[in-house]
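Engineer: Here is my input, please return the structure:
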Amino acid sequence: MRYLIATFACALLVSCGSKESSDNQSAVDSVAVAKDSASGKKFEMYEMSEMAMLMEQMYVDNNRLKERIKNGDTIGAFPNHFMKIHSAVMTDPKENDDFFKEKAAAFIKAQELIYKDPKNAQKHFNDGVDACVQCHEVKCAGPITRIKKLYIK
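Structural biologist: Sure thing, here's the model as predicted:
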């Protein structure tokens with residue numbers, strides 16, 4: 001599991017990339033810099049923001065939910081930690097704009113409908129995936145291929 005999260009974090013860092021500038025303190029805050037005492041070389045280790053960690057957890061949760069829906073299993077209860085999407089700290093706080101808030105609300109609405117209307121769970125699930133893809137098309141395209149794998153066909 002840790003390997004999966006570390007791999008995703010690296011992919012997210014590479015795919016989204018931060019625009020380096022002297023006034024972009026949030027990009028600096030998201031990277032830990034260390035120095036190898038033996039070689040004297042510096043290396044950087046990406047630290048996921050609260051939002052990135054939440055999105056990673058939502059991906060894992062939705063992957064499990066996808067399997068339950070496909071197998072006709074009991075869906076369970078809405079995961080309340082999804083509501084943190086409205087308050088989680090982003091790597092770049094400027095990204096938490098009206099567009100993001102609109103897509104986050106669409107995602108939450110679709111997710112809640114899965115649990116309120118389980119007969120149409122597949123449609124609601126795919127609507128939630130749509131909201132993620134639409135947001136990432138504008139905000140951070142890197143994870144789109146991975147997100148699209150969530151669709152239930």
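Engineer: Was I right to think residue 99 contacts residue 137?
Structural biologist: No: with contact defined as C-beta atoms under 8 Å, residue 99 does not reach residue 137; the gap is 10.7 Å. Where you see a C-beta, it was placed from the backbone N, CA and C, and this is true even at glycine.
Engineer: What part of this structure, helix or strand, is modelled with the least confidence?
Structural biologist: helix 25-29 (a mean of 37; mean pLDDT, DSSP states H and E).
Engineer: And the helices in this protein, which stretches?
Structural biologist: Applying DSSP state H to the chain gives helices spanning 2-16, 25-29, 50-71, 98-116, 121-138, 144-148.
Engineer: now those as CSV including mean neighbour count?
Structural biologist: Below are those laid out as CSV (neighbours: other C-beta atoms under 10 Å):
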stretch, mean neighbour count
helix 2-16, 14
helix 25-29, 12
helix 50-71, 17
helix 98-116, 16
helix 121-138, 18
helix 144-148, 15
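Engineer: domain ranges for this protein?
Structural biologist: Segmentation of the chain into domains, based on automatic domain parsing, reads 2-46, 50-148.
Engineer: Distance from the longest one to the middle of the chain?
Structural biologist: For domain 50-148, the separation from the chain centroid amounts to 8 Å (computed by C-alpha atoms, centre = their mean, to the nearest Å).
Engineer: Next, the distance between the ends of that domain.
Structural biologist: Start-to-end span of domain 50-148 (C-alpha to C-alpha, to the nearest Å) is 22 Å.
Engineer: picking up where we left off before, compare the mean pLDDT across the domains of the chain and name the weakest.
Structural biologist: Comparing mean pLDDT across those, the weakest is domain 2-46, with a mean of 50.
Engineer: if we can go back for a sec, distance to residue 42 added to the helices of the chain, as CSV?
Structural biologist: Converted to CSV, the helices of the chain look like this (distance: least, C-beta to C-beta, whole Å):
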stretch, distance to residue 42
helix 2-16, 16
helix 25-29, 14
helix 50-71, 23
helix 98-116, 33
helix 121-138, 31
helix 144-148, 30
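Engineer: give the contact list for the residue positioned nearest the centre of the chain.
Structural biologist: Centroid-nearest residue in the chain: residue 55, 2.5 Å away (criterion: C-alpha atoms, centre = their mean). Taking C-beta atoms under 8 Å, 6 or more residues apart in numbering, we find residue 55 in contact with residue 143.
Engineer: Okay then, goodbye and thanks.
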